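A.B. asks: Coordinates only, no sequence provided:
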């Protein structure tokens, strides 16, 4: 389904895109970041918090990261400030890239089993599917953030994977 090279490229893409989001967010005031905008998680900042929480949750299942506290409702307030979120996001992105660099094909095989907090059920899916889902989830919610940043007057950078610089 996916390869080690795919995971490495998507980890790089994740960091590249998050760096662009950080730059836009730092140009906005707190009111713009926390304003309810009709998105699934409400605001830019709540969506960013959820995304960081979800990355940690998936990596706690895939790579033994520490499981984040709370469930999806609590994910929206994971970090209290943009500065705290930025520091945690950058650390997580670095760890994700390190994980991808060290990833071996055998780690993408087999089944991942966990108890889903959102469904309350035991789940089992191929590891490769779960890794692909994590990267897809990042892209999905960053797309929402991109739209909200644009509505807030920011000018987010291109999101097209084919435009990612080689030196990222």
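C.D. replies: It's in. Just so you know, these numbers come straight off a predicted model, no measurement behind them. Residues are numbered from 1 along each chain as shown.
A.B. asks: buried ones in the longest helix along the chain?
C.D. replies: Ranked by number of residues, the top helix in the chain under DSSP state H is helix 127-151. Within helix 127-151, the residues that qualify as buried are 127-128, 130-132, 134-135, 137-138, 141-142, 144-146, 148-149, counting by 16 or more other C-beta atoms under 10 Å. For glycine as for every other residue, the C-beta is placed from the backbone atoms N, C-alpha and C.
A.B. asks: right, and out of those, which lies closest to residue 92?
C.D. replies: Ranked by distance to residue 92 (C-beta to C-beta), the buried residues of helix 127-151 are led by residue 138 at 10.7 Å.
A.B. asks: Once you drop chain neighbours, what's closest to that closest one?
C.D. replies: residue 14 (5.4 Å; C-beta to C-beta, 6 or more residues apart in numbering).
A.B. asks: Tell me which residues touch that neighbour, please.
C.D. replies: 93, 96, 135, 138 (C-beta atoms under 8 Å, 6 or more residues apart in numbering).
A.B. asks: Going by distance to residue 113, which of those wins?
C.D. replies: Among the contacts of residue 14, and counting by C-beta to C-beta, the member closest to residue 113 is residue 135, at 20.3 Å.
A.B. asks: I'd say that closest one and residue 8 touch.
C.D. replies: No: the criterion here is C-beta atoms under 8 Å, and residue 135 misses it with residue 8 at 11.0 Å.
A.B. asks: ranges for the strands of the chain?
C.D. replies: 111-115, 122-126 (DSSP state E).
A.B. asks: what's in contact with the last one?
C.D. replies: Contacts of strand 122-126 with the rest of the structure, by C-beta under 8 Å, 6+ apart, involve 1, 109, 110, 111, 112, 113, 114, 115, 116, 133.
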